[in-house]
Every structure is written in C-alpha cells, then in structure tokens.
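> The following block contains a protein sequence and its predicted model.
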Amino acid sequence: MNPPAGLVGRVVRVAATASPADGVTLVQEHRAWEAADLVARVGYDAALRMVGLWLLPADQALTDEPAS
C-alpha cells in the first residue's frame, strides 16, 4: 500500500525484517520514498490475519534497515 506519489513521492526502495513475539509476527518494512523515509509495521496472528498496521518515521524503526 503506497500513499499517492504527491505526498512523499514514489517508493524507491523497500527492505523488510520479520520477528515473532507473543503469537504475533511483526513485519517491518523500511520504505524509502523520494521525499521521505518511513517504516511500515504490520502484525499478523498465527492464522495470518493482519492484526495491526503502523506507519512511522524511519528513526522509530525497531531494527536497522537490512542490507539490500
């Protein structure tokens, strides 16, 4: 899911990490747009249902951006 290009520009890079905790797998995507770097966090339960979604500034990442 990308916001309209007019808000932050086009996505230029995505790197993801995943970590399970308390029955929820948290996937964190480092997304680099033309005008902003953001972190998208998506939580999934054991049945692979999405249970959470967060869009945050890149400096609030839980992990370092993986090498691409």
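Arrived safely, thanks for sending.

> what helix or strand does the residue nearest the centre of the chain sit in?
Note on the chain: the residue nearest the mean C-alpha position is A40, at 2.3 Å, using CA atoms, centre = their mean. According to DSSP states H and E, A40 maps onto strand 37-44.

> Just checking: what are the partner strands of that strand?
strand 24-33 (antiparallel), strand 50-57 (antiparallel) (DSSP bridges).

> where's the residue nearest to Y44 when sequence neighbours are not counted relative to L38, distance?
Nearest non-adjacent residue to Y44, counting by CB to CB, 6 or more residues apart in numbering: T25, 4.8 Å away. For every residue, glycine as well, the C-beta is placed using N, CA and C. Look at T25 and L38: by CB to CB, to the nearest Å, they are 20 Å apart.

> who's more crowded, those two?
L38 (18 against 15; other CB atoms under 10 Å).

> what about the nearest residue to the more buried one once chain neighbours are set aside, neighbour count?
Spatial nearest neighbour of L38, chain neighbours left out: R31 (5.1 Å); criterion: CB to CB, 6+ apart. Burial of R31 is recorded as 21 neighbouring residues (other CB under 10 Å).

> mind checking pLDDT for R31?
pLDDT, R31: 80.

> what do you get for R49?
In this model, R49 carries a pLDDT of 91.

> Repeat that for the one 3 residues further on.
Looking at G52, its pLDDT is 89.

> Correct me if wrong: it contacts Q28.
No: counting by CB atoms under 8 Å, G52 does not reach Q28; the two are 11.5 Å apart.

> so what's in contact with those two at the same time?
With contacts defined as CB atoms under 8 Å, 6 or more residues apart in numbering, the residues adjacent to both G52 and Q28 are R41.
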